[in-house]
Structures are given as C-alpha cells and as structure tokens.
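# Provided below for reference: sequence and predicted model.
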Number of protein chains: 2
Amino acid sequence: MVGSVGNGLLDLGGREKVEPLPKEFDPEEIVDSLLHSESNIVGKEEDGTSRKIVLGRNVHTMCLEVKEPEADDEITGEREAYMAGVLARYRRSLIDRTKHHLGYPYNLDFDYGALIHLQHFSINNLGDPFIESNYGVHSRQFEVGVLDWFARLWELEKNEYWGYITNCGTEGNLHGILVGREVFPNGILYASKESHYSVFKAARMYRMECVKVATLVSGEIDCTDFRAKLVQNKEKPAIININIGTTVKGAVDDLDLVIQTLEENGFKDRFYIHCDGALFGLMMPFIKRSAMEFWAGTKSDVQEAYRKCECVRDATIMGSRNGHAPIFLWYTLNRKGYRGFQKEVQKCLRNAHYLKNRLKEAGIGVMLNELSSTVVFERPKDEDFIRQWQLVCEGNIAHVVVMPNVTIEKLDYFLRELLEKRSHWYQEGTISPPCLAAEIGEANCFYWCDGLDVRRLIRTPLAYCIFLEFVDSICSGCETRA
Amino acid sequence: MVGSVGNGLLDLGGREKVEPLPKEFDPEEIVDSLLHSESNIVGKEEDGTSRKIVLGRNVHTMCLEVKEPEADDEITGEREAYMAGVLARYRRSLIDRTKHHLGYPYNLDFDYGALIHLQHFSINNLGDPFIESNYGVHSRQFEVGVLDWFARLWELEKNEYWGYITNCGTEGNLHGILVGREVFPNGILYASKESHYSVFKAARMYRMECVKVATLVSGEIDCTDFRAKLVQNKEKPAIININIGTTVKGAVDDLDLVIQTLEENGFKDRFYIHCDGALFGLMMPFIKRSAMEFWAGTKSDVQEAYRKCECVRDATIMGSRNGHAPIFLWYTLNRKGYRGFQKEVQKCLRNAHYLKNRLKEAGIGVMLNELSSTVVFERPKDEDFIRQWQLVCEGNIAHVVVMPNVTIEKLDYFLRELLEKRSHWYQEGTISPPCLAAEIGEANCFYWCDGLDVRRLIRTPLAYCIFLEFVDSICSGCETRA
C-alpha cells in the first residue's frame, strides 16, 4: 500500500483548512461552477457552432479603491494619513469579526506581533524544501523543523517522509491525489460524497474517473456502498480519499475498514490512499493519547494509518511559496510544544461537548461525532444571525467548529443570542423548526417526522434533555418526549 | 478569441514570479522529475509486476528543530529567550542574503512594518473575491481594489474582467491553462520551450497534448516553427501560452505575430491564448508610455494584447487564500501610484542598461532584450560566487534581474567582485571563457567559435567594447576583434 498524508501535515497550525461553503452546499455544484466554464465562454466548436461566452459576474460590492497619490502628497503627508485611517477602520472591523466567529476551523487566537522584524524581508521558499536553492532569502530551515515536528507527531522517522508546507488544504489534496494518479494512471478515484470539494475538483482537473461513495448519517464513508462500487470496477486500481474530519460534520472515515474492504475485494497492492488530514490530522494524535472517557470506543488506530500512508517524494505543486508561513508555524509549535497542543485539543473537545449539551438542553437537534470538535445543529432561521456568527450551513444544518479561541464565555454569548432569537422564530402556533433526522439521525433530532414529509412536524420542542446524550434513540417513533 | 492574463494580474507587486532554476535548467527534465513519480513509488501493476518505490530523498542539511518546552519555561523565560536568539540570528542572515541578491525577479525593497497591527488576525480570502463569504475575517475589499488597479493599468473596464490574487505565478498559469482546456477540451497546448516550467507541469497535470515550439536566440517564440507545428495539427484547436517575459532571458513573445500565424493557418476562432504576465506584465504598460529612446522599435502593442485577452469568470484553484497579501499589495500600490511605478520601471531599465554596458566594456558576453530588465551574461565559473550573489544559471549563461532594490552601487559592488575573480578564472594561457553564441547570439558573444566545437575557443578576451552596443554583429566570422 502506498499513500500520502494530506492537509494536516501541510497546514498553518490547523488554520486554512476548509473552504467556504455556499449557503446551500453541494460539492458537485461547486465543482461544476468551477470547471464547466466552457459554457460561459465565447468560442467556436470545431464544427463551427458557436459557444456562449458570458463575461464574469464581477460584483463590486466591496472595494477599497487604490487612489493615485497627489503630486504633493509626500510633503503634506495626506497619503499616509489616508491609508492609516483606512487601516485603522479595517482593524476595528477585524476585531469585531474575530469576536463573532464560530463557523470555520480557524484558530483566531492569532498573534504574531513578535515576528514584526521579519516583515522587512521578501521570504520565499521556492520548490522542494529539501533541495537547496540559490535564492538565499528563504526559511527552509524553519520549514524542515516544522515538518519534522509533524512527522514525530505521526510517529514517522525523519528519513521516512517527504513533504512541504502548502498554501492551503486544497493544495495538499491536489498533491496527494496527483501522486496517486501517477502511481495508477488508470486508477479510479473513490471519495465519500461528504469529502471536501477540492477532491472532486482534483478529479476533474486531472481527468480521472471519480466514483462518489455514500455516507452514514455521521458523515463517515459507507463501506457497504464502497464495497458495491469496488465490485463494479474490479478491473481498475483504486485511489481512495480518506477524510480525517469531513468539512461539515467533522466525521472521521474508518481507515481500517476501508483497507479491509479493499483487501477482501481483490485490491491488495492495487490501491493508493490519500488521507485528507483536514482539521483532525493535527488533533487526532492528541486525542488518542488522552484519557478522556468519550474516546474509549474509538474504532480505528489512526496513528497506525498514518504510518501505513507513506509519503512519497515529489516536487511541490506551487513554485514560489510563502516563506513567512513556516516561521509562523515554527514559532507557534515552539511556544506550545506537544503538551501545549494536547491541552488545547482537550479544551476544544470539552467546549464542544459543552455546546452540544447546552443545545440539547434547549431542545435543539444536535450531533457531535466521536473524535470531533465540530458541533452540527439546526440551521438558524435568520440569515443575518448566520452572517453575524459566520456560521457554515448546509441544507437544514449549521455547524460550529470549536477551536482554541472559542471559550465557554463566547459559547454562552452565542447561546444566549441564539435562544433569544429562536424563541421569536418558532413562536407557538407558527412555523416549526426543521426535522434533522435525515441529516443527523433520528437519535439526534428532537422532532418526529414521517419520512420526508416535514409538513407533519410536531411543534412542541422538548424542554428537558440534559442527560439525553447517553440515550441511544431519543425520538425515534414518538412524536415528542414531552 | 478568448484568453486569460496570467501572473501579472495576480502577483504580489511583481514578486514571487519565477521558480528556482536548477543549475542546469531543462523545463522538460523538471516536469519529469515532478510528475514521473510513479517510478519512485512502490506499487503493483495490474498484471502483478511490481513497481519500484524509493522513499523521498529528504536531506536535512538545514533544520531548525522545534524543541519541546521544559515544564518551567514559562517561569524562567528560557523558551522566549531561545526563540528570540534564533530569530535574531536568522534576521541577520536575511539582511546579508538580501544585500547579496541579483538573480530572482523579486523586489527586495520590502518593508511592511506599517502593517504590524494586522499580524494579530487570521485573515483568509476563501474562494472568489467577488462572492461574499460568511467568513468575516477577510480582506476582499482590498483585493478587489488591487484587481481594479491592474485592470486600469491594462485598460480593461471594471466590469470586463475577473480575477483573484493567487499564491504564486504557477497558480496563475495553472488557472489560465485550465480555463483554456475547458474551452477546448481536445485543444493542444503550444508553448515555446523557454516558457516557465509550470506550463509544462500544467499540461501533464491536466492530461493535455503539449507541443513545444522552438525559440529565437532572444528567447522569443519562433513563429516559423509555430506555423509548422500548427499545420501538423490542424484538426485540433490551439491553446497558446504567451510569455510576457521568459524566465531566463526576459524575452517577450510577439503576440501580434502569434495571432496572425493562427489566423493565417485556419485557426480563427479556434484558439485560446493565455498570457503568462510573469515579470513584464506589470512593467510593460509603463514602458510603452515612456519616452525612453530604446523603446522606439517596439514590435507589438502589448496593451492591445491585454485587451484582446478577455478574462473569463471562474473560481479559484486554491480554496483558502492568504488574506494578508492583498493588503500588502494595496498598501504598496497606494503609496507608489502609477507614477511611482513608472519611475521604478524606468530606473530598473536604466540600471539594466548600465549593467549591460559595464559587462560589455569588460569584454564579457552579454544580452539585454528590448522591453527587458533581465541581463543575460556569461556564467561565472565559481559556484561559490554564484551562490553568494544568488544568480540563476542555465548552461553557459547566468542572469541578473534588475529590480527596484538593485541600485547602481550594488551593481558596482557586484561588478568589482566579478571582474576581480574573473581575472583569476581566466588567466592567460589557461582555461577560456565559454562561447555564448548559441545562447545569446554571435552578435552578443565576444568569442568566435566553430559551431558547437567549444574546444576551439580563442583565449584572448576583448578589452575595448565601450561603444559596441550600437554595432550589429561584433564577433561574427572573426576570431576576436583584438
């Protein structure tokens, strides 16, 4: 077996992991809008029929115009004053937007003021971090230090891996999947439908056959469906994307089961696995070692999986690479150390469970996967509220990713606002909250529903659920528990 | 005709344009080492034969290890002191490496200390800059301002373009060529052999047929060869990469002639052009408007070309994107304005000519293309010297890219060192400087040679060449002019 470890290895301290979801998220649709661009472009087919071109929608809702300096600006200082004003106002807005943020997997506890003196240098890590460059203004020595740190985290020896710090998680996926295609040029890419959209984008970019696999309610890959799809394509090798944390539900694919499924169906030595480390590639090793009780039932040894996924040597997808990023990472890793990260991960998980419990108490449908700090719950009805808290939504669900900067105080602030507003959205006798059984399972949904007929929802929310997290199936078959 | 404008639009103020060249540069070879990775990976073919796997060469020549903090570090302050020491030493090395740099197209006159307060925020511009994101900690308003500035520079209306700020030049090329492939799914990619290696990487990533076109001695695309190759492939549409500044020689492809060649050979409305803006996409508009005499003979109206290359709407290749970069750009553009850039461009060109003249005076083979600030000359014989000055070399030639931070003083310092050392490398009666006729043309080479037989080089360097730049062909057919 060969494979690659994706984003976790390559990411700026757990930030920059997940791309934005449109309000109604469909990976297919996004990939289509990205890549079916031929329909938007003027051109002619070879047979002479013309192709439509529509120039890009280019909406200037927000634009800070660059103004040409006046000739005397240098003397009057007007230019500097103008820019300082713009930047000060912008900084105020960043403070507010940082304060009200819950939806994306970014640690907004972010302070690199100590690196101010490096702002004077144009640092660029061109190409392979292990090959010396003639360009001297680089930070490869920091980059390799960071890579070694991650290798140790994943129990890889220093000489067992290759890697680099990418610009974003998408680049990690593009790289890992490209290596897979080069190993098996006619391989089929299998990915669960809840994989990050960059996986499907890669398939189209690389002209690979791609088979989408169903998921369980948790968001994990459904290995029964995976088996069925493998059996239909026995003649071609398999390239599999494994999610170490899906984007929306924070579900971790069962790698052991995936490998077992491959081997039982005649794919031994004919498969390549790319692990999309996403958010939990960094967190998982700390979770596994922790004594916290809710990890007792963990299904697979993901650390073992990382060992199995050997990284192969290859060059970078991008050429020039930001040389400041590795220094930021190095700085943070040095300050926190493994122990510091372990504490942060534990805090995230505790706070995620806190949020889940509070939502349950309030009678709001909610799900929190094992190994996950992504709390999935009923989509707030008010778009302004969603925007205010920068929530990521898909269909009837929203999520909060509990990162180190998300404190109990912030969660309480959010919960107060949510419950206050929600009482107006769903006043008795008016509209009901949506049924989430399809998205998060009946066990996590507080409303009984008859299949897809959401018109028959019961309107009285549960009010006493504080201990329900230990109950297997709380609303299956009943109208409400009230 | 449809097309895209590449790096120029997308780049951080003309920086981060060109990836590093290995000592002996062959785009094909680099692409091979990047993409023929299957030969390095363990796997099995479907017929059961095994494929070789070699784990990556991972040479830890440089590594700043991340050390785990001691338990009492917070009290003793040892950790902070250790990091401050590392960073201070690193900063000193950056000052030295910035001082001795001439080879890459980066403006090392780089100071963004004024943006220190923004180091406290995790700014991320996910996806399309023109589509609002729920993630509030972004800098789209700066990004769109920067894009508008470039649109105006290239005489495009605000509603006529689409674009985004990429992570690097390679991403610009990957994007433009992908759009081309989506417009013409069976199109052939044509690129001159001196195109940036990312163009050939794109072809392999995207599984596109790719035809390499010969170049003139200047480095420009050879339209006679282009015509011959088009005629051989009349049945398929053409996707063409145009270099607005090649990597090594800074040659600008003749866009008008390329278009004329396409139209004369039956490709009207069956071609797509991607302009790789590289370094001169930013400089060209200022050059065209300048009154400097050496631009009098300019061949094509490149601004017109930009107008012809409509940008089409598409999403970004990367998902998460550095949100600090647009603010850096916005800050620089606002400070300098068009007038400031024009002055800088003129300074670069003047200094490039100064360097060329000084090299000529010293009897060193040298070439400087029209519209270019890239001075190509005889490769220094000493690898330490090359490393010291961070020169980019290919075969027998090296180049200096004269950027705004490259002053006359710095060039004089470089020239003194070069001439002093060169007098040792080529002492009378010992080894001779290489013949550069193949690389830069006989007109620019100071040594006569018989075809490729460099053993017959004459050993006496020219000593008086001060006015030779006005002479067409200075060493053709003679042994030396001395």
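Okay, I see it.
# I'd like to know which helix or strand in chain A has the lowest mean pLDDT.
helix A:7-10 (a mean of 30; mean pLDDT, DSSP states H and E).
# Could you pull out the strands in chain A for me?
Secondary structure of chain A (DSSP state E): strands at A:2-5, A:43-44, A:50-51, A:188-192, A:210-213, A:238-243, A:271-276, A:366-368, A:374-378, A:392-394, A:397-401.
# right, so of those, which gets closest to chain B?
Among those, the nearest to chain B by C-beta to the nearest C-beta is strand A:43-44 (4.1 Å). C-beta here means a position set from N, CA and C on the backbone, and glycine is covered the same way.
# For the stretch 351-482 of chain A, just list every one of the helices.
All helices of the stretch 351-482 of chain A, identified by DSSP state H, counting those that start in this stretch, fall at A:383-388, A:408-425, A:437-440.
# what's the least confident stretch among those?
If you rank the helices of the stretch 351-482 of chain A by mean pLDDT, helix A:437-440 sits at the bottom with a mean of 90.
# Please list the residues of the stretch 151-300 of chain A that sit near chain B.
A:158-162, A:167-171, A:178-179, A:182-185, A:197-198, A:205-207, A:235-237, A:269-270, A:272 (C-beta under 8 Å from any C-beta of the partner chain).
# Separate out the buried members of the residues you listed.
For those, a neighbour count by 16 or more other C-beta atoms under 10 Å in any protein chain shown gives the buried set as A:161-162, A:167-171, A:178-179, A:182-184, A:197-198, A:205-206, A:237, A:269-270, A:272.
# Tell me which of these fall in helices.
A:Gly169, A:Thr170, A:Glu171, A:Leu178, A:Val179, A:Glu182, A:Val183, A:Tyr197, A:Ser198, A:Met205 (DSSP state H).
# A:Gly323: which of these is nearest?
A:Glu171 (15.7 Å; C-beta to C-beta).
# Just the pLDDT at the closest one, thanks.
93.
# which non-adjacent residue is nearest it?
If the residues on either side of it in the chain are set aside, A:Glu171 comes closest to A:Ile317, at 5.6 Å by C-beta to C-beta, 6 or more residues apart in numbering or on different chains.
# Kindly report the same for A:Phe184.
With C-beta to C-beta, 6+ apart, the residue lying closest to A:Phe184 is A:Pro237, at 3.9 Å.
# One more: A:Phe271?
Excluding the flanking residues, the one nearest A:Phe271 by C-beta to C-beta, 6+ apart is A:Ala238, at 4.3 Å.
# what does A:Glu220 give?
Nearest non-adjacent residue to A:Glu220 (C-beta to C-beta, 6+ apart): A:Ala251, at 4.6 Å.
# is it true that that neighbour touches A:Ser218?
Yes - the criterion here is C-beta atoms under 8 Å, and A:Ala251 meets it with A:Ser218 at 4.9 Å.
# neighbour count winner among those two?
Using other C-beta atoms under 10 Å in any protein chain shown, the more surrounded residue of A:Ala251 and A:Ser218 is A:Ala251, with 28 against 22.
# Any stretches of the stretch 351-482 of chain A with poor pLDDT?
A:428-429, A:447-482 (pLDDT under 70).
# of all the residues in it, which ones are close to chain B?
So the stretch 351-482 of chain A meets chain B at A:Ile386, A:Arg387, A:Gln390, A:Leu391, A:Val392 (C-beta under 8 Å from any C-beta).
# got the contact list for the first one?
Yep, that's A:Ile386 we're talking about. With contact set as C-beta atoms under 8 Å, 6 or more residues apart in numbering or on different chains, A:Ile386 has these partners: A:Arg379, A:Pro380, A:Cys393, A:Ala398, B:Asn134.
# again with the third one
The contact partners of A:Gln390, taken as C-beta under 8 Å, 6+ apart, are A:Arg97, A:His100, A:His101, A:Leu102, A:Gly103, A:Tyr104, B:Asn134, B:Tyr135, B:Gly136.
# neighbour-wise, which of these leads?
Most surrounded of the contacts of A:Gln390: other C-beta under 10 Å gives A:Tyr104, at 29 neighbours.
# how much space is there between the residue nearest to A:Phe184 and A:Asn173?
Counting by C-beta to C-beta, to the nearest Å, the separation of A:Pro237 from A:Asn173 is 19 Å.
# Which pLDDT value belongs to A:Val5?
At A:Val5, pLDDT is 42.
# picking that back up, which of the ones in helices among the buried ones among the residues of the stretch 151-300 of chain A next to chain B sits closest to A:His120?
Using C-beta to C-beta, those come closest to A:His120 at A:Glu171, 27.0 Å.
# now the residue of the stretch 351-482 of chain A found nearest chain B: how far from A:Ser373?
Relative to chain B, the nearest point of the stretch 351-482 of chain A is A:Gln390 (5.1 Å; C-beta to the nearest C-beta). From A:Gln390 across to A:Ser373, the span is 16 Å (C-beta to C-beta).
# Please apply the same query to A:Gly127.
35 Å.
# Those two: which has the busier surroundings?
The neighbour count for A:Gly127 versus A:Ser373, taken as other C-beta under 10 Å, is higher for A:Ser373 (28 against 24).
# rewinding a little: need the contact list for the residue nearest to A:Phe184.
A:Phe184, A:Asn186, A:Gly187, A:Ile188, A:Phe267, A:Arg270, A:Phe271, A:Tyr272, B:Glu46.
# cool, A:Ser373 as well?
Counting by C-beta under 8 Å, 6+ apart, A:Ser373 touches A:Gly250, A:Leu279, A:Met283, A:Cys348, A:Leu349, A:Asn351, A:Ala352, A:Val401, A:Val402, A:Met403.
# got it, and A:Ile287?
Going by C-beta under 8 Å, 6+ apart, the list of residues near A:Ile287 reads A:Phe280, A:Trp295, A:Val345, A:Leu349, A:Leu371.
# okay, those residues in JSON lines with distance to A:Gln141 and neighbour count next?
Putting the contacts of A:Ile287 into JSON lines (distance: C-beta to C-beta, whole Å; neighbours: other C-beta atoms under 10 Å in any protein chain shown) gives the following:
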{"residue": "A:Phe280", "distance to A:Gln141": "29", "neighbour count": "29"}
{"residue": "A:Trp295", "distance to A:Gln141": "36", "neighbour count": "14"}
{"residue": "A:Val345", "distance to A:Gln141": "27", "neighbour count": "23"}
{"residue": "A:Leu349", "distance to A:Gln141": "34", "neighbour count": "22"}
{"residue": "A:Leu371", "distance to A:Gln141": "34", "neighbour count": "23"}
